[in-house]
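>>> Predicted model, plus sequence, below.
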Amino acid sequence: MNEKRIYMDHAATTPAHPEVIGAMAPYFSDIFGNPSSIHSFGQEARSAVEEAREKVASLINAKKEEIVFTSGGTESDNFAIKGVAFANSKKGNHIITTPIEHHAITEPCEFMKTLGFDITYLPVDGYGMVDPEDVKRALTDKTILVSVMHANNEIGTIQPIDEIGRITREAGVYFHTDAVQTAGAIPVDVNKMNVDLLSISAHKLYGPKGIGCLYIKKGTKMVPFMHGGGQEKNRRGSTENVPGIVGFGKAAEIAVKELDARQAHLLPLRDKLIKGLSEKIDHSLLNGHPTKRLPNNISMCFEFVEGESMLLNLDMEGIASSTGSACSSATLEPSHVLLSIGRPHAIAHGSIRFSLGRMTTEKDVDTVLDVFPKIVDKLRKMSPLYKR
Amino acid sequence: MNEKRIYMDHAATTPAHPEVIGAMAPYFSDIFGNPSSIHSFGQEARSAVEEAREKVASLINAKKEEIVFTSGGTESDNFAIKGVAFANSKKGNHIITTPIEHHAITEPCEFMKTLGFDITYLPVDGYGMVDPEDVKRALTDKTILVSVMHANNEIGTIQPIDEIGRITREAGVYFHTDAVQTAGAIPVDVNKMNVDLLSISAHKLYGPKGIGCLYIKKGTKMVPFMHGGGQEKNRRGSTENVPGIVGFGKAAEIAVKELDARQAHLLPLRDKLIKGLSEKIDHSLLNGHPTKRLPNNISMCFEFVEGESMLLNLDMEGIASSTGSACSSATLEPSHVLLSIGRPHAIAHGSIRFSLGRMTTEKDVDTVLDVFPKIVDKLRKMSPLYKR
Amino acid sequence: MPAYSEKVMDHFKNPRNVGEIPDADGIGHIGNPVCGDIMELYIKVKDNVLTDVKFKTFGCGAAIATSSMITELVKGKTLDEALKISNRAVVEALDGLPPAKLHCSVLAEDALKGAIDDYLKKSTGKGLPGFKPHEEHPPK
Amino acid sequence: MPAYSEKVMDHFKNPRNVGEIPDADGIGHIGNPVCGDIMELYIKVKDNVLTDVKFKTFGCGAAIATSSMITELVKGKTLDEALKISNRAVVEALDGLPPAKLHCSVLAEDALKGAIDDYLKKSTGKGLPGFKPHEEHPPK
Ligand SMILES: Cc1ncc(COP(=O)(O)O)c(C=O)c1O
Ligand SMILES: Cc1ncc(COP(=O)(O)O)c(C=O)c1O
């Protein structure tokens, strides 16, 4: 069944790499010990965890001891925000972030607001780009943390993290970046980026679901998010998810090897799809920056049609995509990202995101270029807006 | 290599059941979609998650909607404590618990203390048993939560949860129990137990590591612990760990089927081991209640010898066990549980826990009965304390 | 996230009665682009009977399916019969809708009532008594 | 949690010089049962040379291994040579110890010094100058 289908939703999740699955296999019931156990079952598991930690550290040019494994991107983001906020509340109660972060950042920020923290949402331009100068202007003597995502999951825009990091470092303020969409996709180097904290989620880079990590630069003042046993050097309680960690390690190792090839493979496909759709469909708009953009992200708005109905039609043709329209959400609000970059509601509802991956072929792109304009056409014929 | 080894540390973690591994297998790269995705890849994953939720609910006689998947017991415990505390801080700031809880409860409680909450630690008797009357006495009009574990992970004592639940329900105070050691081992029924919240960790019942759940009785006022996307009906953000959830579901299903057989299998083995060790080794003490006790738990103290050295000697003989001695911990304090039941430091350092499992045979027990007394003997000969 | 019934998907894939009626006797126009759903319902009425019904919809899968379903349910019915068809009946006819999508059925009911209201206003000078579209989709 | 070197495990499995010396010239007694580690070190001294050294230890793997190692390191040495052997030297001889276990090596050093101190007191009336066991293991 999979064979006929075209998966273009790699920003949502990726299939685990076959080598990842192979690497994990022994750790469910053969080498199944608890890494905290002193006996041999435990020590075998411990070695596997530490080897994986090394590999994940390599992916982002960090030191092994700076990697704390978590259950995924959301936990890493929660940990970063709440861990810094609770540990540094004596120093200040001000956090700076952007309006286009993933909910895993904005929701913890809004929660901390209920506990007396102040949150500044920086402006972004029409591409969703943050101006480092705005970060500088927003800093106060109460600022304890700046969190700006490396690349946006919906519109693909890549932020000037290095520059922002220079500013925060100079100001002596902690800087977190959500690299969930970039690790394994484009170069990520914690030193070049001047970050103190960085989130990764394994399932976005052909690793398993339910595992991720937070990079914590040595010396960063944090309280644990998951309080419990002394695991992860007292930074994160809970029995380590050994198979998950091993799978993550393998995925990181593969990503290091394949990084250049991945970009070289995806960039022309991305640009062909963007160009093709723009040419074939009138009243279409590219969301996000044309070049400072994830190599696999095609996010566009098509006027007069609604996202979910495009998505369902694509799904009927065996093509998996995503939409920033949120007719199904309780608020009926479309994506906060699309609204933040200035798309009017009506247009924001008409968005589609194709996110390509390792296995995407030019033929897949051609199929979408063939099928999708017909879908938009069909829906526009049905739309009371198009006639006007 | 596994064949010769005897694993008696099931309270630390269990090997995943072969059927669990089989059930998970398709969900890494075949049915790999993100359950939040609308397209067919997503919907297939969604169905699998909901089917597993049903199975986990069945294990504890809960409703499907009352199960929130987490990354394990520690997250469930953190979620219970912090989720109730933050959501009900207007009502009160008092939490009642016991001194013998897992660190996944006591550490979050201590953290909430730093935010202005009051924690009462109930007394326990020499078996580690809580007196429900003490719960009643400890309740104040500021009390918002009582958390008492179902059975203790170190000494195996099973608490009178039903009775405590009747008291908390009458008082209109939320009641949480940590059932990490009991789910799949003895009957767990959220209704009979009168609990509002209950934690489970899959890897303790032959499921995979890195997945668990919190039962949240309908209507319980909670704030999310992992703030993020709207997953788990807005109660827990993060892309669902689909293979983990499916594995957990399968483990729960097997546990329901096998529950009686498991107890019938383990009880005589447990009692044989306790009896044998008590008879063969002088100056030995059983920790925990003799009958209100987990069917797989043998926890004993052997005077004049230290736990880790017993454990390492056992490991050298291919027998995996655990100790409550914490010579390796930063504080050099032995187990808080053993101290709480009145064991003096010197004796608390000499503890060993054997925890049996599905695959434990009578021959394994006999091997331990043969090997272990010699180990104690050897160590006592080396001990400057024994001569006195 | 929606998991639609087969009926919904059938009406979404093959919507019935799509289009406009150039000489419609009544037009219901409901929703707005801000909230992501707009329905236009066109009716022809003869001897108090809905002889033809057509729709155009901008919206999600449920919005299209409920529009399609309501046209099918009311076509050939008298005005009184048609007015008895509630949003609930539309949902049932579709074998249910995800909770987050129930508002679409309200929209469909309102679009129909809007069209009848328009017809009554044009033909009798007085609209449908008590008709007031739900505030489910307030413009922003 | 400990991941011991092979050397540590070797000394743990086959501890050298276990036992007491009934007519010891000096005995070092260090640690207490509260903290989980007790070492007793017995020495025989002849012409300023440690002709025999034995130990008894209640404690973890590292405690036993460091006791065993220090007896091996000092046996046959002069008192002055033996006193130069620091806890660090014991750790190195064992190919390292996990950080949480380093205190065991301090204990071993103190047990040796304690035995020499005891010997000096008995033989000269004055103990080892400046000897004061570390406060790593305060009784509770
Ligand atoms: C009673 C109890 N609660 C909580 C936990 C924590 O579970 P996990 O390590 O899966 O987070 C454990 C086991 O480690 C436990 O035994
Ligand atoms: C940018 C970004 N941050 C955080 C997350 C959360 O990751 P996870 O769902 O693995 O918790 C995601 C994906 O969902 C994401 O795209």
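Looks like it arrived, so ask away. Ligands and ions are numbered 1, 2, ... in the order given.
>>> need the contact list for A:Glu107.
For A:Glu107, the contacting residues are B:224, B:227-228, B:237, by C-beta atoms under 8 Å, 6 or more residues apart in numbering or on different chains. Yep, even glycine has a C-beta here, placed from its N, CA and C like the rest.
>>> Dump the residues you listed to JSON lines, plus pLDDT and distance to ligand 1.
Converted to JSON lines, those look like this (pLDDT from 0 to 100; distance: C-beta to the nearest ligand atom, whole Å):
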{"residue": "B:Pro224", "pLDDT": "98", "distance to ligand 1": "18"}
{"residue": "B:His227", "pLDDT": "97", "distance to ligand 1": "20"}
{"residue": "B:Gly228", "pLDDT": "94", "distance to ligand 1": "19"}
{"residue": "B:Gly237", "pLDDT": "95", "distance to ligand 1": "18"}
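>>> Out of the residues you listed, name the ones that lie in helices.
The helices, defined by DSSP state H, take in nothing from the contacts of A:Glu107.
>>> same for chain A: which of the residues you listed are within range?
B:224, B:227-228, B:237 (C-beta under 8 Å from any C-beta of the partner chain).
>>> quick check, nearest of those to A:Ala62?
B:Gly228 (23.6 Å; C-beta to C-beta).
>>> Contact partners for the residue lying closest to the closest one once chain neighbours are set aside?
Nearest residue to B:Gly228, sequence neighbours excluded (C-beta to C-beta, 6 or more residues apart in numbering or on different chains): B:Gly237, at 2.1 Å. Shown in contact with B:Gly237 (C-beta under 8 Å, 6+ apart): A:74, A:78, A:103-104, A:107, B:224, B:226-231.
>>> show me the contacts for the residue of the stretch 151-300 of chain A found nearest chain C.
At 13.2 Å from chain C, A:His283 is the closest residue in the stretch 151-300 of chain A, using C-beta to the nearest C-beta. Applying C-beta under 8 Å, 6+ apart to A:His283 gives the contacts A:302-304.
>>> residues contacting A:Leu385?
A:303-304, A:346, C:33, C:38, C:58.
>>> repeat that for 6 Å
A:304, C:58 (C-beta atoms under 6 Å, 6 or more residues apart in numbering or on different chains).
>>> now it, what's its secondary structure?
Using DSSP: H, G, I helix; E, B strand; the rest coil, the secondary structure recorded for A:Leu385 is coil.
>>> per-residue confidence for it?
A:Leu385 is assigned 91 on the pLDDT scale.
>>> Quick check: the two most widely separated of the contacts of B:Gly237?
Top of the distance list for these (C-beta to C-beta): A:Asn78 and B:Gly230, 14.9 Å.
>>> quick one: the residue of the stretch 151-300 of chain A closest to chain C from A:Ala346, how far?
12 Å (C-beta to C-beta, to the nearest Å).
>>> what's the closest of the contacts of A:His283 to chain B?
Nearest member of the contacts of A:His283 to chain B, counting by C-beta to the nearest C-beta, is A:Phe302, at 16.9 Å.
>>> partner residues bridging the closest one?
A:Ser284 (DSSP bridges).
>>> where do the strands sit along the stretch 101-250 of chain A?
A:118-121, A:143-147, A:174-178, A:197-201, A:212-216 (DSSP state E, counting those that start in this stretch).
>>> Excluding chain neighbours, what is closest to A:Ser29?
B:Pro15 (3.9 Å).
>>> typed the wrong thing, it's A:Gln263
A:Pro295 (4.9 Å).
>>> Helix, strand or coil: sort out C:Lys7 for me.
helix.
>>> right, and it touches C:Leu94 too?
Yes - between C:Lys7 and C:Leu94 there is a contact under C-beta atoms under 6 Å: 4.8 Å.
>>> With neighbour numbers in mind, choose between those two.
C:Leu94 (27 against 16; other C-beta atoms under 10 Å in any protein chain shown).
>>> Now distance to ligand 2 too, for the contacts of B:Gly237, in JSON lines please.
Below are the contacts of B:Gly237 laid out as JSON lines (distance: C-beta to the nearest ligand atom, whole Å):
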{"residue": "A:Thr74", "distance to ligand 2": "3"}
{"residue": "A:Asn78", "distance to ligand 2": "9"}
{"residue": "A:His103", "distance to ligand 2": "8"}
{"residue": "A:Ala104", "distance to ligand 2": "4"}
{"residue": "A:Glu107", "distance to ligand 2": "11"}
{"residue": "B:Pro224", "distance to ligand 2": "13"}
{"residue": "B:Met226", "distance to ligand 2": "8"}
{"residue": "B:His227", "distance to ligand 2": "11"}
{"residue": "B:Gly228", "distance to ligand 2": "6"}
{"residue": "B:Gly229", "distance to ligand 2": "6"}
{"residue": "B:Gly230", "distance to ligand 2": "11"}
{"residue": "B:Gln231", "distance to ligand 2": "8"}
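>>> Neighbour-wise, which one of these leads?
So for the contacts of B:Gly237 (other C-beta under 10 Å), the most neighbours sit at B:Met226, 30 neighbours.
>>> In contact with C:Lys113, which residues?
Per C-beta under 6 Å, 6+ apart, neighbours of C:Lys113: C:128, C:131.
>>> What segments of chain C are strands?
Using DSSP state E, the strands assigned to chain C run over residues C:26-32, C:37-46, C:49-58.
>>> Show me what the second one is packed against.
In other words, strand C:37-46. strand C:26-32, strand C:49-58, helix C:102-124 (3 or more C-beta pairs under 6 Å, 6 or more residues apart in numbering or on different chains; DSSP states H and E).
>>> What residues sit buried inside whichever helix in chain A runs longest?
The residue-count maximum for a helix in chain A (DSSP H) belongs to helix A:242-280. Neighbour-count burial for helix A:242-280 flags A:242-255, A:258-259, A:262-263, A:265-266, A:269-271, A:273-274, A:276-277 (criterion: 16 or more other C-beta atoms under 10 Å in any protein chain shown).
>>> re the thing from before, quickly, which of the strands of chain C bottoms out on average pLDDT?
strand C:26-32 (a mean of 93).
>>> Show me what that one pairs with in its sheet, parallel or antiparallel.
When DSSP bridges is applied, strand C:26-32 pairs with strand C:37-46 (antiparallel).
>>> Taking helix C:102-124 as reference, get the angle to the strand it pairs with.
40 degrees (axes from the mean of the first three to the mean of the last three C-alpha atoms, to 10 degrees).
>>> Tell me if I'm right that A:Ala251 and A:Pro208 touch.
No - applying C-beta under 6 Å as the test, A:Ala251 and A:Pro208 come out as separate, 7.9 Å apart.
>>> Which neighbours do those two have in common?
Going by C-beta under 6 Å, 6+ apart, residues that sit against A:Ala251 and also against A:Pro208 are A:Ala202.
>>> Contact partners for A:Glu66?
In this structure, A:Glu66 makes contact with A:215-216, A:218, judged by C-beta under 6 Å, 6+ apart.
>>> Weed out the non-buried ones from the residues you listed.
A:215-216.
>>> In terms of distance to B:Gly156, which of the contacts of A:Glu66 ranks first?
A:Ile216 (36.5 Å).
>>> Distance-wise, check that closest one relative to A:Lys55.
From A:Ile216 to A:Lys55 the distance is 17 Å (C-beta to C-beta).
>>> pretty sure A:Gly83 is touching A:Thr220, no?
No - checked against C-beta under 6 Å, the pair A:Gly83 and A:Thr220 is beyond contact range at 8.6 Å.
>>> between these two, which one's more packed in?
A:Gly83 (27 against 17).
>>> could you list every residue that touches the more buried one?
Counted by C-beta under 6 Å, 6+ apart, A:Gly83 has contacts A:222-223, A:225.
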